[in-house]
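Participant: Next input, structure requested:
(one chain, ligands or ions: 2)
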Amino acid sequence: MCSTIMATETAQPRPQARKPYLLGSIDAFQEVVSTAVILPKEDGVISVSEDRTIRVWLKRDSGQYWPSVFHTMPSTCSCMSFNPETRRLSVGMDTGSICEFILFEDYNKMIPARTYQAHQGRVSVVLFVLEMEWLLSTGQDKNLTWHCSESGQQLGTYRTMAFVSGLQFDIETRHAFVGDQSGQVTILKLEQDSCSLVTTFKGHTGNVTALCWDPVQRVLFSGSSDHSIIMWDIGGRKGTAIELQGHKKNSLPPARVNDKVQGLCYASHTRQLISCSSDGGIVIWNMDVTRQETPEWLDSDSCQKCEQPFFWNFKQMWDSKKIGFRQHHCRKCGQALCGKCSSKRSTIPLMGFEFEVRVCDVCHESITDEDRAPTATFHDSKHSIVYMHYEPTTGSLLTSGTDKVIKIWDMTPVVA
Ligand SMILES: [Zn+2]
Ligand SMILES: [Zn+2]
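Facilitator: Ligands and ions are numbered 1, 2, ... in the order given. The predicted structure is shown next:
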């Protein structure tokens with residue numbers, strides 16, 4: 001019975017990732033758009049910008065986006081959260097307050113609902129959870145706070161290690177995932193008026209810049225300024241953490257030194273992870289592939305293949321009158337090797353390495369052409385991305401860039 005189902009599934013055509021197709025762009029901003037979302041039912045966009053405006057854009061018959069709402073705030077808008085069911089828009093401000101609006105059904109008007117004095121200093125992330133009637137937020141003051149969206153009362157607060165740049169929430173278990181600039185992800189269990197620290201994930205060598213939670217598979221994705229993405233498999237219960245390396249360290253300094261991962265979205269119906277970086281790159285990862293964890297790097301005083309001493313191994317260097325070598329590591333087996341024994345390069349897509357990395361001669365032999373088949377596709381948005389939003393109902397993606405432009409892309413996969 002089970003095998004029959006499996007066979008039918010494999011026989012079905014696989015959706016193929018296609019090049020994102022540019023549907024339209026909006027370029028009427030004075031400053032960078034900090035957050036923007038695609039409306040699920042209308043052909044429209046809500047934007048909040050550093051230029052202090054909140055705007056709702058509807059696509060007209062001409063194909064152009066025209067503002068149906070244009071509201072200027074007293075200070076810079078730093079982030080927002082939009083709930084389509086209640087049409088509630090929560091806008092985080094530079095001043096630390098969160099201003100809430102309710103949009104009309106036709107998206108031609110909005111009325112102010114409530115203001116929360118949530119933080120001291122810029123609000124970094126705001127997240128409205130309808131199921132809990134909670135408004136979660138983080139700010140420059142390094143506090144995570146949650147308010148009751150019904151009464152407006154502050155329910156609780158938690159002091160984070162560093163400035164928070166990513167926040168996700170699991171409704172079922174009431175866990176909050178908090179990614180910060182120290183590079184760690186803190187997992188908190190939130191109660192009505194208190195919270196407890198569950199655990200912390202440490203895997204990045206740079207700031208955590210983006211978080212994405214898939215509640216179905218119970219997988220958390222974290223993106224970082226270290227160019228990597230880590231997939232933390234919580235549902236698997238084995239502590240598996242898979243690294244995804246597809247955003248290259250830019251080799252062209254100094255103009256584009258800041259090419260960190262900027263956004264992560266998971267498209268559950270096509271099982272694709274979409275990631276973007278500030279160098280303009282959009283990577284679409286096929287998450288149907290089973291990937292392996294990268295090995296721990298082994299430590300040795302000499303090459304584990306040819307036994308040449310490494311440069312800090314003075315005794316052996318002196319005893320055998322040898323020159324000390326630099327230590328390298330094979331990305332596939334993790335062995336400590338000299339440069340000569342690890343001169344080969346290969347992609348290892350099944351370990352998340354979509355670009356060539358150092359491997360030893362033995363591992364190089366063992367990697368077949370089939371193993372080298374890419375499991376991700378690479379695209380250029382042609383602007384330096386600061387924010388990304390994916391709308392699953394329409395299959396469209398929004399990118400906001402440092403060029404003060406919003407681009408809307410069609411990401412619908414082509415069925416082969
Ligand atoms: Zn060697
Ligand atoms: Zn190896």
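
Participant: any weak-confidence spans in this structure?
Facilitator: Filtered on pLDDT under 70, the chain yields the residue ranges 1-17, 249-258, 313-323, 414-416.

Participant: What residue, apart from its backbone neighbours, is nearest the spatially most central residue of it spatially?
Facilitator: Centroid-nearest residue in the chain, with Cα atoms, centre = their mean: Leu264, separated by 2.9 Å. Excluding the flanking residues, the one nearest Leu264 by Cβ to Cβ, 6 or more residues apart in numbering is Cys212, at 3.9 Å. For glycine as for every other residue, the C-beta is placed from the backbone atoms N, C-alpha and C.

Participant: next SSE after the host helix or strand of the one you found?
Facilitator: Taking DSSP states H and E as the definition, one finds Cys212 inside strand 208-214. Using DSSP H and E, the helix or strand that follows strand 208-214 in sequence is strand 219-224.

Participant: tell me the contacts of Lys248?
Facilitator: 227, 259, 281, 355 (Cβ atoms under 8 Å, 6 or more residues apart in numbering).

Participant: Pick the one among those closest to Val56.
Facilitator: For the contacts of Lys248, the residue nearest Val56 by Cβ to Cβ is Gly281; the value is 29.2 Å.

Participant: Report the beta-bridge partners for the closest one.
Facilitator: When assigned by DSSP bridges, Gly281 has beta-bridge partners Asp380.

Participant: Could you report the neighbour count for it?
Facilitator: As a burial measure, Gly281 scores 20 neighbours (other Cβ atoms under 10 Å).

Participant: So it sits against His247, correct?
Facilitator: Yes - the criterion here is Cβ atoms under 8 Å, and Gly281 meets it with His247 at 5.8 Å.

Participant: overlap in contacts of those two?
Facilitator: With Cβ under 8 Å, 6+ apart as the test, Gly281 and His247 both reach Asp259.

Participant: ok, and the closest non-adjacent residue to Phe325?
Facilitator: Using Cβ to Cβ, 6+ apart, the nearest residue to Phe325 is Cys338, at 4.2 Å.

Participant: If you could redo that for Val208, that was the one I meant.
Facilitator: Closest to Val208 by Cβ to Cβ, 6+ apart is Gly179, at 3.2 Å.

Participant: So which residues make contact with stretch 340-355?
Facilitator: 242-246, 248, 283, 289-294, 303, 305-306, 308, 325, 328-332, 356-361, 363-364, 367, 371-376, 378.

Participant: Give me the buried entries from those residues.
Facilitator: Among the contacts of stretch 340-355, those scoring as buried are 242-246, 283, 291, 294, 303, 305, 308, 325, 328-332, 357-360, 363-364, 367, 375-376 (criterion: 16 or more other Cβ atoms under 10 Å).

Participant: List, out of the residues you listed, those positioned next to ligand 1.
Facilitator: Checking the buried ones among the contacts of stretch 340-355 against ligand 1 by Cβ under 5 Å from the ion, the ones in range are 303, 305.

Participant: Let's see which of the buried ones among the contacts of stretch 340-355 end up in strands.
Facilitator: If you go by DSSP state E, the buried ones among the contacts of stretch 340-355 have 242-244, 283, 328-329, 357-359, 376 in strands.

Participant: Find the closest residue to ligand 1 in the stretch 151-300 of the chain.
Facilitator: With Cβ to the ion, the shortest gap between the stretch 151-300 of the chain and ligand 1 falls at Ser300, namely 10.4 Å.

Participant: For that residue, which non-adjacent residue is spatially closest?
Facilitator: Closest to Ser300 by Cβ to Cβ, 6+ apart is Ala336, at 4.1 Å.

Participant: Counting neighbours, what do you get for Ala113?
Facilitator: So Ala113, with other Cβ under 10 Å, has 14 neighbours.

Participant: ok so, going back, so the residue nearest to Leu264 versus ligand 2, what's the distance?
Facilitator: Separation of Cys212 from ligand 2 (Cβ to the ion, to the nearest Å) stands at 32 Å.

Participant: From Val37, how far off is that residue?
Facilitator: 15 Å (Cβ to Cβ, to the nearest Å).

Participant: Equivalent analysis for Cys303, please.
Facilitator: 53 Å.

Participant: same check, this time on Val357
Facilitator: Val357 is 36 Å from Val37, by Cβ to Cβ.

Participant: contacting residues for the residue of the stretch 151-300 of the chain closest to ligand 1?
Facilitator: 310, 327, 335-336.

Participant: Of the residues you listed, which fall within the contact range of ligand 2?
Facilitator: Counting by Cβ under 5 Å from the ion, no member of the contacts of Ser300 is near ligand 2.

Participant: any chance of those in JSON lines, plus secondary structure and neighbour count?
Facilitator: What follows is these, written out as JSON lines (DSSP: H, G, I helix; E, B strand; the rest coil; neighbours: other Cβ atoms under 10 Å):
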{"residue": "Phe310", "secondary structure": "strand", "neighbour count": "20"}
{"residue": "Gln327", "secondary structure": "coil", "neighbour count": "22"}
{"residue": "Gln335", "secondary structure": "coil", "neighbour count": "20"}
{"residue": "Ala336", "secondary structure": "strand", "neighbour count": "20"}
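
Participant: Give me the neighbour count for the residue nearest to Leu264.
Facilitator: Cys212, neighbours per other Cβ under 10 Å, totals 22.

Participant: got the buried residues for stretch 20-38?
Facilitator: 20, 23-26, 28-29, 32-38.
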